[in-house]
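Trainee: 3D model of this:
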Amino acid sequence: MHSDRRPRLTPAMADVRRAVRKALAMQAGPVLVALSGGADSLALAAATAFEAPRAGLRAGAVIVDHGLQAGSADAAAQAAQAARELGLDPVLVRAVVVAGDGSGPESAARAARYRAFEEAMRDTGATHVLLGHTLDDQAETVLLGLARGSGPTSLQGMSSVTGPYLRPLLGIRRATTQQYCRDAGLSPWADPQNGDPRYARVRVRQRVLPTLEQELGPGVAEALARTAEQLREDADALDALVLEVIEEICEPAEGGIAVSVGALAANPPALRQRIIRFVVESEFGVTLSRAQTLAAVRLVTDWHGQKGVDLPGVRVERQNGLLVFRVTRAVAADH
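Mentor: Numbers count the residues shown, from 1 in each chain. As a prediction, this is how the structure comes out:
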């Protein structure tokens, strides 16, 4: 998978290395590259192996074998060998069991993968894991969120920094990572699932985005990525406003928490709904859908003496100028 010949620096290699250099400049501890062996993660691994020593950082790799298809162990072993040849150390291979949780195979595999990443960080002392998501992945994420009507949170796509996870390549096209591998003499692994049209993301990648580019002109993927960035900036601003006001408008209640109806009514809908979602998630660990949030909002904006609303694990009622959220037995048992 790796050539001993030192490749000359090409535009694709320079772009990927520059993106990785920027991400590593903010780090102080060891990092791991999440390596599947595909072009995106292989280009990321090669650029990290080049840039990390120059940033004074130790860089290793973690390869997750999901065991979902024949030959997955061999593919993981090949990816590990490529990481070692690139000079990454340590190189960890983690086999995981993908258990169905009712959310679908992609979600279950993702959960298992991130558990493996967390274990790898604990075992190696790494502070961050670098993920190979590209601008194309971001555009696909935005389109999928739009199709599902998931709202602004989903349309924000992926952040370049999410806790210990870094995504240096969100501004890099997939074609650039593929060119990096060709220029560097690297042979990426082609995951059969990446071409399986049974997956919605694959259909978006193979059919929807190319059709949009053909009908609307080039630059659709970049436009979607810009949209995600703008929505994320707006969301960050709204989140900051919620944190500023939340302590002033909330008070403890028996079995839960109460929020001033007057304060909620005085705020615009976007902030009002965000306050309710924040209160429920932070107090009870429950994430509300838009429909559930609006059901609670109606107790503020369209109240005619109704008794209350049952949300997942939470009962909300209007009492004496307060919107009172109380835990139900199911959530109480979980806690």
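Trainee: residue boundaries of the strands in the stretch 51-200 of the chain?
Mentor: Per DSSP state E, counting those that start in this stretch, the stretch 51-200 of the chain carries strands over the ranges 59-65, 91-95, 128-130, 161-162, 165-166.
Trainee: now those strands as TSV including mean neighbour count?
Mentor: C-beta coordinates here come from the backbone N, C-alpha and C atoms, glycine included. Shown next, in TSV, are the strands of the stretch 51-200 of the chain (neighbours: other CB atoms under 10 Å):
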stretch	mean neighbour count
strand 59-65	25
strand 91-95	18
strand 128-130	25
strand 161-162	12
strand 165-166	22
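Trainee: out of those strands, nearest to residue 181?
Mentor: strand 59-65 (15.7 Å; CB to CB).
Trainee: quick one: strands adjacent to that closest one?
Mentor: strand 31-34 (parallel), strand 91-95 (parallel) (DSSP bridges).
Trainee: Mind telling me which of the ones you listed the model trusts least?
Mentor: Lowest mean pLDDT of the strands paired with strand 59-65: strand 91-95, a mean of 94.
Trainee: Need the residues that contact it.
Mentor: With CB atoms under 8 Å, 6 or more residues apart in numbering as the test, strand 91-95 has contacts from 32, 60-65, 67, 73, 76-77, 80, 83-84, 116, 119-120, 123-124.
Trainee: what comes up buried for the top helix by length along the chain?
Mentor: Determined from DSSP state H, the single longest helix within the chain is helix 220-249. With burial defined by 16 or more other CB atoms under 10 Å, the residues of helix 220-249 counted as buried are 220-221, 224-225, 227-229, 231-232, 235, 238, 241-242, 246, 249.
Trainee: repeat for stretch 37-56
Mentor: Neighbour-count burial for stretch 37-56, counted by 16+ other CB under 10 Å, picks out 37-52, 55.
Trainee: so how far is it from its chain's centroid?
Mentor: Between the centre of stretch 37-56 and the centre of its chain there are 20 Å (CA atoms, centre = their mean, to the nearest Å).
Trainee: same question, stretch 197-217
Mentor: On CA atoms, centre = their mean, the centre of stretch 197-217 falls 21 Å from that of its chain.
Trainee: Next: stretch 47-59.
Mentor: With CA atoms, centre = their mean, you get 24 Å for stretch 47-59.
Trainee: now it: mean pLDDT?
Mentor: Mean predicted lDDT for stretch 47-59 stands at 97.
Trainee: cool, and stretch 233-243?
Mentor: Stretch 233-243 carries an average pLDDT of 90.
Trainee: What lies in contact with it?
Mentor: 152-153, 156, 270-271, 274-275, 278.
Trainee: in the stretch 201-335 of the chain, which spans are helices?
Mentor: According to DSSP state H, counting those that start in this stretch, the stretch 201-335 of the chain carries its helices in the segments 209-216, 220-249, 261-266, 269-284, 290-301, 329-334.
Trainee: Report the buried residues of the first one.
Mentor: I take that to be helix 209-216. For helix 209-216, the neighbour count (16+ other CB under 10 Å) marks 209, 212 as buried.
Trainee: and the residue nearest the centre of the chain, what is it in contact with?
Mentor: The centre of the chain sits closest to residue 158, judged by CA atoms, centre = their mean, with a distance of 4.7 Å. Counting by CB under 8 Å, 6+ apart, residue 158 touches 133, 137-138, 141, 167, 170, 228.
Trainee: Where neighbours are concerned, which of those residues has the most?
Mentor: Neighbour counts for the contacts of residue 158 (other CB atoms under 10 Å) peak at residue 138, which has 27 neighbours.
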